[in-house]
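A.B. asks: just need the structure, nothing else, for what follows:
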Amino acid sequence: MSLPKPLMRGMLAKRLRFHLPIAFTLAIASAIAFKSPGSRPMLNSTSIMTQLKSSTP
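C.D. replies: Numbers count the residues shown, from 1 in each chain. Below is the predicted model:
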């Protein structure tokens, strides 16, 4: 009596079929959350300088 051979054929495709849509969904959701309109816009150096000049008397 011998041990049964492990069933590896098609396992990668099966795992990818399950995990790939989840990975894409999480990537798109995190990109939308990072670039959401509620986030504070980044200031470049010229806008920082104009803010500093306008705040000094």
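
A.B. asks: tell me where the longest helix sits in this protein.
C.D. replies: Looking across the chain with DSSP state H, the single longest helix is helix 11-34.

A.B. asks: from residue 29, how far off is residue 23?
C.D. replies: 11 Å (C-beta to C-beta, to the nearest Å). Just so you know, the C-beta spots here come from the backbone N, C-alpha and C atoms, and that holds for glycine as well.

A.B. asks: now residue 18
C.D. replies: 18 Å.

A.B. asks: got it, and residue 16?
C.D. replies: Taken as C-beta to C-beta, the span from residue 16 to residue 29 is 20 Å.

A.B. asks: restricting to C-alpha, output the longest helix of the chain in CSV.
C.D. replies: The C-alpha coordinates for helix 11-34 follow below in CSV (Å, rounded to 0.1, in the frame of the first residue of the first chain):
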residue,chain,number,x,y,z
MET,A,11,-3.4,24.4,-7.8
LEU,A,12,-1.6,27.7,-8.9
ALA,A,13,-4.4,28.6,-11.3
LYS,A,14,-7.0,27.8,-8.7
ARG,A,15,-5.3,30.0,-6.1
LEU,A,16,-4.7,32.8,-8.6
ARG,A,17,-8.4,32.7,-9.6
PHE,A,18,-9.3,33.3,-6.0
HIS,A,19,-6.6,35.8,-4.9
LEU,A,20,-6.1,38.0,-8.0
PRO,A,21,-9.5,39.7,-7.9
ILE,A,22,-9.1,40.3,-4.2
ALA,A,23,-5.7,41.9,-4.8
PHE,A,24,-6.9,44.1,-7.5
THR,A,25,-9.9,45.2,-5.4
LEU,A,26,-7.7,46.1,-2.5
ALA,A,27,-5.2,47.9,-4.7
ILE,A,28,-7.9,50.1,-6.3
ALA,A,29,-9.6,50.7,-3.0
SER,A,30,-6.4,51.9,-1.4
ALA,A,31,-5.6,54.1,-4.3
ILE,A,32,-9.0,55.7,-4.1
ALA,A,33,-8.6,56.2,-0.4
PHE,A,34,-5.2,57.7,-0.8
